Structures are given as C-alpha cells and as structure tokens.
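>>> predicted model and sequence follow; I will ask about them next.
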Amino acid sequence: MYDVAERSGVSIATVSRVYRNPDSVRAGTRERVLEAARELGYVPSGNARGLASRTTGVLGLCFPDYADPEAEADAETDSGADDAAMLYSDQIIRGMERAARRHGYALLIAASLQGGPESLVAKVAGRVDGFAVLAQTVPTEDLDVISRRLPVVMLAGPREIDHLDHIVVANAAGERELARHLIEDHGLRRLAFVGGDPESPDAEARFRGFRDACRDAGLPVPDAPDLRTGMMTRAEGARAAETLLDRGAERPEAMVFANDQMAVGALRALERRGVRVPEDIAVTGFDGIPLSRIVRPSLTTVRQPIRQLGEQAVELLVQRLADPSRDPVSLELPVALARRASCGCG
C-alpha cells in the first residue's frame, strides 16, 4: 500500500479510501491509484483488514450438497444446459451473491455431505461475519451456540430457534392453489401426490397444502403422499411415475410432484411409456426452476422467489450486523402459480 501511495502521489489514507469507499475519491485520483496498483500487482489484504476492523467482509451460506446426477450430466453434455439445469441451491447462491456484492461483502459457500453437517459450521463460522443456513443442514443445538456469536438467518423450514431471523416461502398456500386449479378448473379428481423425505420441511408443507385443497373440494384427504422419494431428483421422479403407472389401482388423472426436478423426470418416463401429457395424465411440479419453462410440454408449477430468498438473507444479515439488538424477523415470501401445458393450460 505504501508503494502504491508513493507511485500515485497520494496519501496512504487515499489508497485505503479507493478500495473501501471508491465514490469518496475523485475519479482522476481513483484511476491513478488503481493504475499504480495494477503496475505493482497490489491486492488489498483481507486478513489485514480483518485484524483492523475485527470483521472478515465475508458472509456464508451452508447447505447440503444434494446434487441431481441427471441434471449434472445434462450440463456436461450440453454447453447451453447450465441455466436449464439450475437447481434450487444455485438460485439461492445467485441471489446471495448479488446482494452481498451490493453491500461490499464476498460470499463463502459450504456445500458438502462429507463429515456430516457439523463440519459445515466448523468450516464457515470462524471465517464469516454472519451466515445463512438452509433448514435441516445444521443441528439446532449447534446453531443455537453459534448464533450467540454470529448473526444467523434460517432459510426454509420451521422457525426452530426464536431469536434467529427466518425466511420461508408460502409452500402450503402455493400447493393448495395448484391442486385447487387441477380440481376446480380442470375437473380432475384422482390426484396422486409424490412427496420427499418426511424430514424435508418444504415438501411436508406442500403436502399439507395439497391435503387442504382435497378437503376444500370434498375429496378424500390422504394421510400420507401416494409415494415418497429419498432425494427429489429427476431419476426419482421417473421411478415414481413408473410405479404409479404400474399399480393395479386406477391410474391417477394427475401426478402432483413436490418439486420440478421430479416432475421433469416423470415427463420423460411418461413419454417413454407412450402416455400423453396432459391428455392422459396431468403433471405438475413446484419451484419454478428455469428448466420448467423449456421442457415439453412446459411444466405447470408454483414459482417461488428463490433468488429473492438469497437476497433477503443477505439483507437480514446486514441489518443484524448493523443492529445486533433488534427484534428477530420472520418473513414469508409469496409464490405464484404458473399455468402451463402439462396440466392443459398451455
């Protein structure tokens, strides 16, 4: 930094302001400092900044790396498939990155199943000023301990710790509206719900919304999903569709999947079996990932604001860092029904 200041003919404080608050330095001076830094190969030291300010300038995100192998294979074989194959966690990362950059923070991501969820906290907690955690990623007792030292925002799932900020989307309301659409607008009565692991709070909330719609319509209210899958991937969705087709009972008129990835897998399986969608069976998902728009037939789904989930997480962390004593906030973000061809609306 001293070398940059000497070469550009400014003070050490001016060099510091160029990197910390560039708008406070005149454009000509700022460019002179940056040019000197480029010539000298100077990069500000994050560790030195942290020692001076007792902050890291980094926010963290913890989530389990439940990748969909079929989606990854598509991305590897099709150079244009990256956006289409984008999954839930990828969208959250994009939202957090956008907001973190806006506030001058970097983002540290811990996404690994190796070593168990406790290792995620160990990797992140000591290196960040605060972090967001997806539900069911970190044991509640560990979060409780860490949140006494760092701001923590919970994403999705129930609010397990009262003093933490918390963001969820309207899962139950969205699924209820989707099922109501199938029942009332399309006159469908035999609906099969394919859920996920009972420990998945989002999937369970969506099943509750499905049950509410059945109850409202005077249809039998199921105690459990027709099928559950361990991981809500395309391959699992394809297997679920095959299983529902091969059951001895009467075929469902609609397959309602707890997420888009499973629904896309089901569309492919039904096509292989010569089952027409939506003429023979309607198919729906939940999430609104980009792939849902471009599959054929396009997928009727519930769009949740996944990127906004990430952006809001950063906003709450920044607010908490500015005012650690403020009351905890719990937000529910709205969702929207996307009526498309897979239910007969396209």
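Arrived safely. Numbers count the residues shown, from 1 in each chain.

>>> alpha carbons only for contacts and neighbour counts from here, please
Noted.

>>> got the contact list for residue 104?
Going by CA atoms under 8 Å, 6 or more residues apart in numbering, residue 104 touches residue 57.

>>> hang on, I meant residue 161
Counting by CA under 8 Å, 6+ apart, residue 161 has contacts 140, 144.

>>> try residue 176
206, 208, 209, 210, 211, 212, 213 are the contacts of residue 176 under CA under 8 Å, 6+ apart.

>>> separation between the nearest residue to residue 288 once chain neighbours are set aside and residue 230?
Nearest non-adjacent residue to residue 288, counting by CA to CA, 6 or more residues apart in numbering: residue 303, 4.1 Å away. Note on residue 303: its distance to residue 230, by CA to CA, to the nearest Å, is 23 Å.

>>> now residue 141
Looking at residue 141 against residue 230, where the rule is CA to CA, the gap reads 25 Å.

>>> just residue 33 next, same as before
From residue 33 to residue 230 the distance is 55 Å (CA to CA).

>>> more crowded one of these two?
residue 33 (24 against 11; other CA atoms under 10 Å).

>>> which residue packs closest to the more buried one, ignoring adjacent ones?
residue 8 (5.4 Å).

>>> and the one you found, backbone torsions?
phi -90, psi 0 (degrees, to the nearest 10).

>>> hmm, it is touching residue 36, no?
Yes: counting by CA atoms under 8 Å, residue 36 is a contact partner of residue 8 at 5.9 Å.

>>> please identify the buried residues of stretch 10-29?
10, 14, 15, 18, 29 (16 or more other CA atoms under 10 Å).

>>> so which of these belong to helices?
14, 15, 18, 29 (DSSP state H).

>>> as a markdown table, those residues with distance to residue 289 and pLDDT would be great.
Below are these laid out as a markdown table (distance: CA to CA, whole Å; pLDDT from 0 to 100):
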| residue | distance to residue 289 | pLDDT |
| --- | --- | --- |
| 14 | 45 | 88 |
| 15 | 43 | 87 |
| 18 | 39 | 85 |
| 29 | 45 | 93 |
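
>>> okay, these in JSON lines with distance to residue 183 next?
Shown next, in JSON lines, are those (distance: CA to CA, whole Å):
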{"residue": "14", "distance to residue 183": "66"}
{"residue": "15", "distance to residue 183": "65"}
{"residue": "18", "distance to residue 183": "60"}
{"residue": "29", "distance to residue 183": "66"}
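
>>> rewinding a little: for the residue nearest to residue 288, give the beta-bridge partners.
Counting by DSSP bridges, residue 303 forms beta bridges with residue 287, residue 336.

>>> all set, thanks.
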